[in-house]
Structures are given as C-alpha cells and as structure tokens.
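Peer 1: the sequence isn't on hand, but the structure is:
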C-alpha cells in the first residue's frame, strides 16, 4: 500500500535477507493532517509483516536507500502543504483498501474506498461503481450484496482511473465437509488423489483454495521431507513462503487477519522428487464451500525449468529447496495471471523419452504421479497444453550422439500421446530457455510439422535463454519475462 511505503525507514529494509518489515502506515487524522500510524491499518492484526524483495525491484530498493541516506540529515517540513511549497501539493487519491469481498447470498458489505480530491475526503457519490455480473452480486450506494452463488467483480472509477475488486458469493460448509477434501467444498489444483481419507499432493505446484471465516487458519500435513509452501491470502499475488518440516505437523498458515471472511491458497512449491505431502485436515472458525474454479484450464509439462529449480538463487549457487520455488516459474505465473485452473507435471532432469536419469516424460505423463503409478484418468481436459521439454534431451544427446535420428521420432510419439489424451487442446511446444542445441531444435520442428495439426505450434514467440538462477538455471526475472510472452500469445492467438 502507498501509505505503508511512505512510512518506511531505512532500518525497515534488510537487503541481506531480501525483506522489508512493514509495521506502520502514513495516514491522516480527522483534520487531514498526515501522521505515522503504528500497525492496525496493515494486513495483519498487529500490523507487522515481512515482505519479500524480489529480483525485479531489488535494485530500485537499493537506489531508494542511497537517496534516503543522502538526505537523512535534511529537516522535514512540519507543514508540507504551506503556500509556496509546491512539492507538498496534495494529490487526488482513489484506492480500494480491501482486496476481496466474500459474501453469502443475501449478505452485504460496504466497499472500503480511500477517495480524496485536492487532499480532502471526497464524496463516494462522485464515483461510478458497478458490478460486472449482477446475477451474482449487485452494488448500490457503495454496498455490495450477494445475489447468487458464484463470483464477479466490482469496478470503481473516476475519470480515467478504473479499479476492480473480486467478489465471491458462497454458502457455508461444515468442518467435516471441508476435511472430506471433496471439490464441492475446496478447490484442488494439479493431479492429486485420496489415500485413507487424506489428500495426497505429490506434484509441483499442487495447491488448494479454501474460503473461511475468522482470523486464523491451520493445516495439518505430513511431509516426506523438508519442503516449502507459499500461502496467498485474499487474492494476494506475491504470497508468503513457509517452511514445512519432515513428518506430521500442524501449521498456522493465516493468523491475525481482519475479522470476517477470507480466501486462502496453499501451494506446494517444492518439486516432486524433493518432497510429497499428505494433507490431513484444516481448522478455522468456520468455512464456506469454494466457488467453482475458472473455466480456463492450462496444463504444463516440463523439466527443472518448469519445476522452479534454483529460481531464487544466483548462478554460483547450487540448487537447494530454499532457492527453488515452483510458484515463481512461467507455468504458475501464467496460470495466476490468467486466473486459470492449472496442472503442472514437471520433473528435474527428465527427457521426452530418453532414460537420462530415469524414465522419460512419456511414462510420467501417463501416471497419476511418481509415487502413484496408477494410470491417470486424463479427466482434466485442458484448453491449452504447454510442453517445455528438450533441455535434458540435449544433455542425453551429448552422451549418445546416435540419438540424433531417434529424438524427433520420440518427440512426435509424445506429441501424439498428448494429442490423443487432449483432443481439443491447443498445444504449445517451447524449447530454448537454457539455450538451444540445433539438433534438438530441428527435431522438435520436424515432429511438430509431421503432426500436421494447426493447433500444435513450436516457439510461437522469441525465447531469450537465461542461466542466471541457481545451478545455472533460469532466474525469476527471466521466468516473469516468459510469462508475459506466453500470456500475450494465449490471449491474442489461442483464446479468440
């Protein structure tokens, strides 16, 4: 939030740990005089939280610190808006101070809007406020009301400024219903299965959405090894990273929230060969049945690039579970940006078919997971399948030069398998995110051409390789760049 940024001190920033401590906010009193308010207007109840500094704006933070240090001895003007002080001129403000609204049918809530003109609190009646779909929720005099189960968004505009906020209309669910892991009550992402009444999450970026009431939510899970989750509250897109220990343990994944209704997404960001999870139960003051997931479905098939191998690290770092994060890959970020249902099947070191370090993707793709080798039902029915394989085939080729003639055959066989299981999907084949081998590149082109399928394409946009992450793998910056390209292509070419 802007007020939180303006209230920061140099001491709040720790570049070594890449974190910013948020514990105060710049606001105005009843006489519109600015002051620093400790805590309660921040996201958590006590107002304090750590925000991760990502690679994209780390240099900007460093530059801001240098400027602040150069000016730290300057006297601040106690009257920033006195006549003649042009730099202190009050600005217009239009901001939505709540990120999501969760209502029951017949329930209502007043929109939380910060609206000022010329530095003075302005009449919200001057704003244009509307609901995208009044079948689900309506808005009148700044109050949102739930009409029917589903989701929509409210738009708030003034002049050229247009802001939107999602609204979910839900019905109550019992603790027993939620802990049955039935998708009538929770949303599950990626291939999963039940075993002895527990939810098995093996795959990279497996995740769940829950809607709950209260200030706290806990999850009890059993992990096969130390690993990490990322928790997104109320449609936050950055999320908070939490460590998961080997064995069975209960984790408080949300606490100190504002009283009321909330949405949470819990994502397993450690890849499949490093850890698998068994979710045993959730606990909160109350629950709601999750609305239906997005109708848009995306599936991603890949190797370590898609699994987030070393994405948070530096080139000189060895890959660890600490510097790897599947929620920072082009795959998860594309699904997040497009608000899509998704499934990710990824394994570091995997080839299309060649046995470099074990069976190829042609085997894994047909199974529920590496731990559950039962045949997968192929009931996801994605609209788009993204295949990002070839980097490890390149390594296999270096050890087995005779594989050059077989690779295009193997790739075409896999494409045929994917098409057979997803007859209506648009298939996008990508390769080159860590550099290209001409034999692999040519092999994929040949395979795609021989499929003679206008809904299968290869590298439909330019991919600039990157090896600036841990273990010489792609960095988070490169992953974000590829996300923008992929989202643009899907929106402009596939979906129309």
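Peer 2: Everything's here; your move. All figures in this text were calculated on a predicted structure; none of them were measured in a lab. Residues are numbered from 1 along each chain as shown.
Peer 1: and residue 361, what are its phi and psi?
Peer 2: phi -70, psi -20 (degrees, to the nearest 10).
Peer 1: okay, now it: neighbour count?
Peer 2: 24 (other C-beta atoms under 10 Å). From N, CA and C alone the C-beta is placed, and that goes for glycine too.
Peer 1: and the closest residue to it other than its chain neighbours, what element?
Peer 2: Nearest residue to residue 361 in three dimensions, chain neighbours excluded: residue 350, at 5.3 Å (C-beta to C-beta, 6 or more residues apart in numbering). For residue 350, there is no host helix or strand (DSSP states H and E).
Peer 1: you'd agree residue 350 is up against residue 358?
Peer 2: Yes - between residue 350 and residue 358 there is a contact at 7.4 Å, judged by C-beta atoms under 8 Å.
Peer 1: who has more neighbours, the two?
Peer 2: Set side by side, residue 350 and residue 358 show more neighbours around residue 350, with 31 against 13, by other C-beta under 10 Å.
Peer 1: okay, that one: pLDDT?
Peer 2: With respect to pLDDT, residue 350 scores 97.
Peer 1: then residue 238?
Peer 2: 95.
Peer 1: over to it: give its phi and psi.
Peer 2: With angles defined as degrees, to the nearest 10, residue 238 sits at phi -90, psi -40.
Peer 1: please pull up the helix or strand immediately following whichever strand or helix holds residue 163.
Peer 2: Under the criterion of DSSP H and E, residue 163 resides in strand 161-170. Next in sequence after strand 161-170, counting helices and strands by DSSP H and E, comes strand 172-173.
Peer 1: separation between residue 409 and residue 383?
Peer 2: As judged by C-beta to C-beta, to the nearest Å, residue 409 and residue 383 stand 28 Å apart.
Peer 1: neighbour-wise, which of these two wins?
Peer 2: Between residue 409 and residue 383, residue 383 has the larger neighbour count (other C-beta under 10 Å), namely 18 against 14.
Peer 1: quick one, what contacts that one?
Peer 2: Going by C-beta atoms under 8 Å, 6 or more residues apart in numbering, residue 383 touches 296-298, 424-426, 494-495.
Peer 1: filter the residues you listed to the buried ones?
Peer 2: Neighbour-count burial (16 or more other C-beta atoms under 10 Å) applied to the contacts of residue 383 gives 296-298, 425-426, 494.
Peer 1: ends of stretch 114-133, how far apart?
Peer 2: 24 Å (C-alpha to C-alpha, to the nearest Å).
Peer 1: stretch 299-312 now?
Peer 2: Criterion C-alpha to C-alpha; first-to-last residue distance in stretch 299-312 is 23 Å.
Peer 1: now the residue nearest the centre of the chain. Nearest residue, chain neighbours left out?
Peer 2: The C-alpha lying nearest the average C-alpha coordinate of the chain belongs to residue 336 (C-alpha atoms, centre = their mean; 4.7 Å). Closest residue in space to residue 336, ignoring its immediate chain neighbours: residue 237 at 6.3 Å, by C-beta to C-beta, 6+ apart.
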